[in-house]
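J.: sequence? don't have it. structure:
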DNA sequence: GCGTAACCTTACGCAGCAGTAGGTATGCTC
DNA sequence: GAGCATACCTACTGCTGCGTAAGGTTACGC
């Protein structure tokens, strides 16, 4: 038996192993949740022993935060990259952002589970996620404000903020819906979202308000 | 020392203690999350000893499910009670349902945290919550379908379903937003939601579709 | 070819917590 | 006011899982 049948599983450089560990951690956290996941399982998933995880990534909490940061950064970068061009009309920017978002979710379901489901419930990480949501809402509110300004209308901050949060929530919910409908195309989901978001937003920005009869 | 100085804290009938325990459990679960919450803390919060909790409500998982059921039922009943009247126009029904929903959240924040934040992440309960979301989405999709039929138009099931889930998500997100803005009136939040949801929905139902340029 | 640093392991200490065993007090019925 | 059922307690057990101590092994520089 030549020992080269196991080419070079062992003795990998730190940078590589770290990424493997993070991959494993995302997988395990997404399927168990933060508390139910054990460091032993993460280590096993990564094909390594537990003390290595501690040596490279620190405690369980730090490990989870590292996952959170990596995935949040990837998601944000994917979106910002396509939204950044301020010369585009607002609906175009929204459309591109949504498409990038749903593509990310469609391609990284476990990452999405970690970012969204797990992180929002456990207290120490809720701040982190809330911050990300806030940045997203800010970006969206900015787009809406741009559209409003283009229409030469005024809008109060709280209204825009609330609308932005509603859109964020609608997007998250549709992301879950997408996760439950594997045959659905991410781009198509982005289109659905656009139908719902933009038509309503356009009407809103035009000054439409629903009036209760009482 | 007269023993009557402690009038009747102890020796309460089972039904009463059970409700106290459920109240305590909702409080503790909402502030710690399912895993981080300990049965000892629940018992202490209820002013009772741990074995009583086990005697009345069973294991930790069963206790959490009992909380979930009680609060979900309260929420659903509050909504269904005001939405049930099918003679009302769809926007009226939506408005009343939203108002009831945000009032519930505004008045029972810890219950909301248990229902939404905690239950969605931990696996054994996700089914439960998902079922509730599904029923809500169904109700909303039903309203939308009613509105579509009134307009004598056709709509595909998946479109309505996706729209309904988007609205559910937007509502949940605004509920969180409400929780973070204590000075905000629940009815006003319902109004904001109505602006966003109904104007867009109305446009959608009228047959409007956002078209991407590519 | 040899030392050294980095990689990697087995094996354990220790704490927190779910769940229980076994016993005590109290109100209610007759 | 005896007896019974039900409310209630203190004090444990056992397990799971985080985090670490102490030692083995491989690659790489010189």
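T.: Structure's in. What do you need? The structure displayed is predicted, hence computed values, not measured ones. Residues are numbered from 1 along each chain as shown, chains lettered A, B, ... in the order given.
J.: burial measure for residue A:96, as a count.
T.: Close neighbours of residue A:96, defined as other CB atoms under 10 Å in any protein chain shown, add up to 19. In short, each C-beta sits where N, CA and C put it, glycine included.
J.: typo on my end, it should be residue A:179
T.: Residue A:179: 15 neighbours (other CB under 10 Å).
J.: Kindly report the same for residue A:120.
T.: 20.
J.: For it, list the residues it contacts.
T.: A:126, A:129, A:130, B:117, B:121 (CB atoms under 8 Å, 6 or more residues apart in numbering or on different chains).
J.: List the residues that contact the nearest residue to the second one once chain neighbours are set aside.
T.: Nearest in space to residue A:129, with sequence neighbours left out and distances taken as CB to CB, 6 or more residues apart in numbering or on different chains, is residue A:119 at 4.3 Å. Counting by CB under 8 Å, 6+ apart, residue A:119 makes contact with A:34, A:64, A:68, A:125, A:126, A:128, A:129.
J.: Touching, the first one and residue A:64? I think so.
T.: Meaning residue A:34. Yes: between residue A:34 and residue A:64 there is a contact under CB atoms under 8 Å: 5.8 Å.
J.: Chain A: strands as residue ranges?
T.: In chain A, no strands are found when defined by DSSP state E.
J.: can you pull out the helices in it?
T.: A:14-32, A:39-46, A:50-57, A:60-83, A:90-107, A:109-112, A:119-121, A:123-150, A:157-180, A:186-205 (DSSP state H).
J.: which of the ones you listed has the lowest average pLDDT?
T.: Of all the helices of chain A, helix A:186-205 carries the lowest average pLDDT, namely a mean of 78.
J.: Near DNA strand D, which residues of chain A? Just list them.
T.: A:8, A:10-11, A:36-40, A:50-51, A:54, A:59-61 (CB under 7 Å from any atom of the strand).
J.: Okay, the residue nearest to residue A:129 and residue B:159: tell me how far apart.
T.: Applying CB to CB, to the nearest Å, the value for residue A:119 to residue B:159 is 31 Å.
J.: how about stretch A:136-148 against chain B, any contact?
T.: No: taking CB under 8 Å from any CB of the partner chain as the criterion, stretch A:136-148 and chain B are apart, separated by no less than 8.9 Å.
J.: Look up how far residue B:31 lies from residue A:61.
T.: Counting by CB to CB - residue A:61 and residue B:31 are separated by 18 Å.
J.: Which one of these two is surrounded by more residues?
T.: residue B:31 (15 against 12).
J.: And that one, how far from chain A?
T.: 8 Å (CB to the nearest CB, to the nearest Å).
J.: Excluding chain neighbours, give the residue nearest to that residue in space.
T.: residue B:110 (7.4 Å).
J.: next one: residue A:66
T.: Closest to residue A:66 by CB to CB, 6+ apart is residue A:57, at 5.6 Å.
J.: Please list all residues in contact with that neighbour.
T.: A:18, A:21, A:22, A:25, A:63, A:66.
J.: again, only using 10 Å
T.: A:17, A:18, A:21, A:22, A:25, A:39, A:42, A:63, A:64, A:65, A:66, A:67 (CB atoms under 10 Å, 6 or more residues apart in numbering or on different chains).
J.: For chain A, what lies in contact range of DNA strand C?
T.: A:10, A:11, A:12, A:13, A:14, A:17, A:48, A:49, A:50, A:51, A:52, A:55.
J.: The residues you listed into CSV, with extra columns for neighbour count and distance to residue A:143?
T.: Listed next are the residues of chain A next to DNA strand C as CSV, based on neighbours: other CB atoms under 10 Å in any protein chain shown; distance: CB to CB, whole Å:
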residue, neighbour count, distance to residue A:143
A:10, 8, 50
A:11, 6, 50
A:12, 14, 44
A:13, 7, 43
A:14, 10, 41
A:17, 19, 41
A:48, 19, 44
A:49, 11, 48
A:50, 15, 46
A:51, 10, 48
A:52, 15, 44
A:55, 10, 44
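J.: Can you pick out the most distant pair from the residues you listed?
T.: Across the residues of chain A next to DNA strand C, the longest distance by CB to CB is 19.8 Å; it joins A:13 and A:50.
J.: My guess is residue A:166 contacts residue B:168. True?
T.: No: using CB atoms under 10 Å, residue A:166 makes no contact with residue B:168, being 11.3 Å away.
J.: Those two: who's more crowded?
T.: Neighbour comparison, residue A:166 and residue B:168: the larger count goes to residue A:166, with 30 against 24 (by other CB under 10 Å).
J.: Please name the nearest non-neighbouring residue to the more buried one.
T.: residue B:170 is the one closest to residue A:166 (CB to CB, 6+ apart), at 4.1 Å.
J.: Could I get the contacting residues of that neighbour?
T.: A:163, A:165-174, A:196-197, A:200, B:193, B:196-197, B:200.
J.: again with residue A:58
T.: With CB under 10 Å, 6+ apart, residue A:58 has these contacts: A:65, A:66.
J.: Looking at it now. What's its pLDDT?
T.: For residue A:58, pLDDT reads 94.
J.: gap between residue A:167 and residue B:47?
T.: For residue A:167, the distance to residue B:47 - CB to CB - is 44 Å.
J.: Could you do residue A:169 as well?
T.: Counting by CB to CB, the gap from residue A:169 to residue B:47 is 37 Å.
J.: Settle it for me: which of these two has more neighbours?
T.: Using other CB under 10 Å as the criterion, residue A:169 and residue B:47 rank with residue A:169 on top: 24 against 12.
J.: List the residues that are in contact with both of residue A:34 and residue A:64.
T.: In contact with both residue A:34 and residue A:64: A:114, A:118, A:119, A:122, A:124, A:125, using CB under 10 Å, 6+ apart.
J.: How about residue A:90, nearest residue that isn't a chain neighbour?
T.: Residue A:90's closest residue in space is residue A:147 (CB to CB, 6+ apart), at 4.3 Å.
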